[in-house]
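> Mind folding the following:
(2 chains)
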Protein chains: 2
Amino acid sequence: MTQPDIQKKLLEQIRGIYALRAALSLHGWDQETKMPIGGGGSRAFVMAELAGHLHKAMTHPEMFDLLDSVALETSGSPEWKACVKAMRKDCLRKAKLPISLDKALVQAASLAQHAWSEARNHGNPSGFLPLFRQLVHLKREEADCLREPGQSKYEALLQTYEPGVTLAMIEPVFDSLEVGLTGIVEHLRENGGLIKPPPFPGTFPRGQQKSYLKDMLPRLGFDMRRGRLDESAHPFSEGITREDVRLTVRYHEDNFLDSYFSLLHEGGHGLYEQGFDEEWLMTPMAEAVSLGVHESQSRFWENCVGRSREYWEGEYPLLVQYFPAALGSIDLDSFMRRVQSVHPSAVRVQADEITYNMHILLRFRLEKLIVEGDLGIDELESAWNSEMQRWFWLTPDHLNEGYLQDVHWAAGLFGYFPTYTLGNLWAAQIREKLIEVFPRYHFMVREGHFGPILEWLRQNIHRQARKTNSIELMRNATGCELDSDSFLRYLRERYIT
Amino acid sequence: MTQPDIQKKLLEQIRGIYALRAALSLHGWDQETKMPIGGGGSRAFVMAELAGHLHKAMTHPEMFDLLDSVALETSGSPEWKACVKAMRKDCLRKAKLPISLDKALVQAASLAQHAWSEARNHGNPSGFLPLFRQLVHLKREEADCLREPGQSKYEALLQTYEPGVTLAMIEPVFDSLEVGLTGIVEHLRENGGLIKPPPFPGTFPRGQQKSYLKDMLPRLGFDMRRGRLDESAHPFSEGITREDVRLTVRYHEDNFLDSYFSLLHEGGHGLYEQGFDEEWLMTPMAEAVSLGVHESQSRFWENCVGRSREYWEGEYPLLVQYFPAALGSIDLDSFMRRVQSVHPSAVRVQADEITYNMHILLRFRLEKLIVEGDLGIDELESAWNSEMQRWFWLTPDHLNEGYLQDVHWAAGLFGYFPTYTLGNLWAAQIREKLIEVFPRYHFMVREGHFGPILEWLRQNIHRQARKTNSIELMRNATGCELDSDSFLRYLRERYIT
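Numbering: from 1, shown residues only, chains lettered A, B, ... in the order given. Prediction:
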């Protein structure tokens, strides 16, 4: 084959691999949003079969032949080279995993996730625990297959979500973050700043919420022709392809802020997914570099923008028009005290942007123990509760507010939580950079003039896709190394001064 | 390998094939109900890739080895033998089709279907026609690959939906049906019986419609734990697996009858899909024997049951309670005149149960010409309109009420339409058989006591799955050969005497 033939053939193979990933992604989205409860068993089986086809496609000798033949070629755009490099990396990693284990993992994760949701509905984990134990067992096996010499099991799993980032890189940052966060919370506590806001005096009609959010997404730059918005028990976003990006939200009539911020959050993820280059559809150049960077996009919109005073100076009058019953008697100052309220909570997704990271540190430390085999599933509830006491001086009222609150572990996503805090750290670095690049940044946010901000994100982050790893990408974009400085500065500016 | 090993391995392969079919089915459902408009291009590509994996799985030498090795075995249940026989047939048929053509067909059908829906939205077929032409071209190629010696192109495609049924078997039946139908319509016309009912005096609020239909499905025996109900532009049902059966409906506030009968119809399909044996999940023994038999199930519930006076004697009081504004002033007799009204219409899905079959005969004759290359796409509009004149003495007001009204051709489903009329003929035979088996049949229908009827269908039709072909299945179940006698008797009883 000539080089152009090889390139063409390889691109076809890559797109075929991404087609299977897109199919798995649709099945995952559907399981969370639409699938009838009785469909869980066969759904898990179908997903395992798709994972098997994916495994075969990624580990086929022809694929490695093509990757080897094309790599010799020194021509080609930087994007194409990045595609080949990323694909080779993914395929080599996939080849470390026996296909039977790969399929078993997908099936076990689908089943455990389904059982988790049933356990929450019935407030009883007995059906979930055996499946969860089995899943943890398989995850440990997976980690053993994947880990490089000198890598711990946990670190091997972390690579799935944050490639190239080691525990040695994040643990010192998380430690200094802990000191900083504890200091801020202490300060607030001493100054009476930990206050749970009172309920709103009126309700937020569901239909109004829906239409508000549907209007809001295009204002941020989200393309509704290439996306949709649904309801699900737990908000999430799923980028099936850059042409089909799905967000979910849930509505509470007594509090629109939850839905609002969670959609700003998922919208941030969605903007990233929609922001890849059309030309590289269904290749590694239309894929997030890491989940930490993904989270930096959601947290930037949710918190850096969405919880800022300047944002609400522009947005609040419109919100009051939509929800006069709930907001008519609340002025911007007291609304901002709700938006920026800080108080410990048992539930991560209800946490403010400060204590949120304590939830992550708690999970990060527990999941390391689980993966390494140092914490059994039987001990999880008591370990969880004692950590909750240590961090938040509280005990969950119910398992659903305890270790059953998050789907992640039930879906086999060990090593995923730290990316949430990495996202927060990076979002604050991005914000500092944007303030430097756009002297009128605060004004732009107040006016809802997001175009230039989104374009900067597109150019410096989204369209970079997997050209490099997350650490280097963020260094190139913001000039910063991974640290907690920007984030702590940002929190102190917003919550202390 | 020992026989048990071969059997186990073969069953695994069969389930793997059905897993890919289920994945394709979910993608199809999603395309019609949820996919954002911009997702069409990559959806078509993903579906083509899945079709490629399916093709490979069905034509792999290992698959034929297993089929050959297991076939020698004379032990095994009749169900297992039927599975092996059906699977061999499907794989041999698949092997006649080059994989590139198979993938191209799936992609072209997905694209054309998407473009069809856009064409209808914009009332302009110019974007659709080139894709449709390409699809027809590929369908002719497909037919050439599939046809047996002496088979026409059209007959080869018909096998996809109605295996084992030839044109020689259906054409004489359709001809005598035409004579019978024409006679009934003539009679009604002469006696002033062709009347379009006036609008209802009030509306049917959408929310009420939804809750009525959600309650109705379980009363028929549909298991909502293994199914769901959505909205779509065109009602359909999709059995992803027997554990996940999805129905769609659309709501018109000015007329609930459309939604009502279309859900009875889709519900009948859904009962069939849910009625397969759990043990044979994801095998040919959990698959419809043919689309004609599938349609017999939907038409039985929609028409034989749902348009009968006895049914409404039981159901109407409840309906009036739900919709007092629309129905409070209408008594059962005048309601029945609406339910059983007969009048020519340009639109198939709005047709009564008599003229409906004229729509099918019209399409059957046109699509034979298209597939054989005797009618070009350029001539379709005028051919359609002159046939409409011949059958119904009318000309469609708009392409959306002309040849763009049905999705079938746009989705590549040539040879599919005749199964609708076969379904009507068989539904009438089933009804006659049920009246014989259950002397209190009419009473059971009035009381909504459907359990024994459904159980008879389950045993004689649903759980038979693909044990035999449709003609033999119906002969075993009803004692009848394929003919139009029962159906014409049923129509005359309901509409003439």
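> Show me the domain layout of chain A.
The record's domain parsing of chain A by automatic domain parsing lists A:3-146, A:165-497.
> Save these as TSV, and put in mean neighbour count too.
Using the backbone N, CA and C atoms, a C-beta is placed for each residue, glycine as well. TSV is the format used below for these (neighbours: other Cβ atoms under 10 Å in any protein chain shown):
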stretch	mean neighbour count
domain A:3-146	19
domain A:165-497	19
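> Same list, these, but as JSON lines with mean pLDDT and distance to chain B please.
What follows is the domains of chain A, written out as JSON lines (pLDDT from 0 to 100; distance: least, Cβ to the nearest Cβ, whole Å):
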{"stretch": "domain A:3-146", "mean pLDDT": "95", "distance to chain B": "3"}
{"stretch": "domain A:165-497", "mean pLDDT": "96", "distance to chain B": "3"}
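> Okay, and the spatially most central residue of chain A sits in which element?
Centroid check for chain A by Cα atoms, centre = their mean gives residue A:295 as the closest residue, at 4.8 Å. Using DSSP states H and E, residue A:295 maps to helix A:291-299.
> which residues touch the helix or strand just after that helix?
The element immediately downstream of helix A:291-299 (helix or strand, assigned by DSSP H and E) is helix A:309-322. Residues outside helix A:309-322 that contact it (Cβ atoms under 8 Å, 6 or more residues apart in numbering or on different chains): A:208, A:212, A:305, A:327-328, A:330, A:332, A:335-336, A:339, A:442-443, A:445-448.
> taking those one by one, which sit in helices?
Within the contacts of helix A:309-322, residues falling in helices by DSSP state H are A:208, A:212, A:327, A:332, A:335-336, A:339, A:442-443, A:445-447.
> Torsion angles phi and psi at residue A:342?
Dihedral pair for residue A:342: phi -120, psi 130, per degrees, to the nearest 10.
> is it true that it touches residue A:355?
Yes: counting by Cβ atoms under 8 Å, residue A:342 sits close enough to residue A:355 to count as a contact (6.7 Å).
> can you give me the angle the biggest helix by length in chain A makes with helix B:3-33?
Ranked by residue count under DSSP H, the longest helix found in chain A is helix A:3-33. Angle, helix A:3-33 to helix B:3-33, by axes from the mean of the first three to the mean of the last three Cα atoms, to 10 degrees: 80 degrees.
> Mind giving me the packing neighbours of whatever helix or strand comes next after helix A:3-33?
Following helix A:3-33 in sequence order, the next helix or strand is helix A:40-59 (DSSP H and E). Contact analysis of helix A:40-59 by 3 or more Cβ pairs under 8 Å, 6 or more residues apart in numbering or on different chains; DSSP states H and E lists helix A:3-33, helix A:78-95, helix A:99-122, helix B:3-33, strand B:237-241 as its packing neighbours.
> So what's the gap between helix A:40-59 and the chain middle?
23 Å (Cα atoms, centre = their mean, to the nearest Å).
> ranges for the strands of the stretch 101-250 of chain A?
Per DSSP state E, counting those that start in this stretch, the stretch 101-250 of chain A carries strands over the ranges A:227-231, A:237-241, A:244-249.
> With just CA atoms, put the first one into CSV.
In CSV, the C-alpha atoms belonging to strand A:227-231 read as follows (Å, rounded to 0.1, in the frame of the first residue of the first chain):
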residue,chain,number,x,y,z
GLY,A,227,-27.8,18.5,21.0
ARG,A,228,-30.7,18.0,23.2
LEU,A,229,-31.9,18.4,26.8
ASP,A,230,-33.6,15.7,28.8
GLU,A,231,-34.5,14.9,32.3
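> May I see the helices and strands packed on helix A:40-59 arranged in CSV, with distance to residue B:68 as well?
Listed next are the helices and strands packed on helix A:40-59 as CSV, based on distance: least, Cβ to Cβ, whole Å:
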stretch, distance to residue B:68
helix A:3-33, 30
helix A:78-95, 32
helix A:99-122, 25
helix B:3-33, 10
strand B:237-241, 28
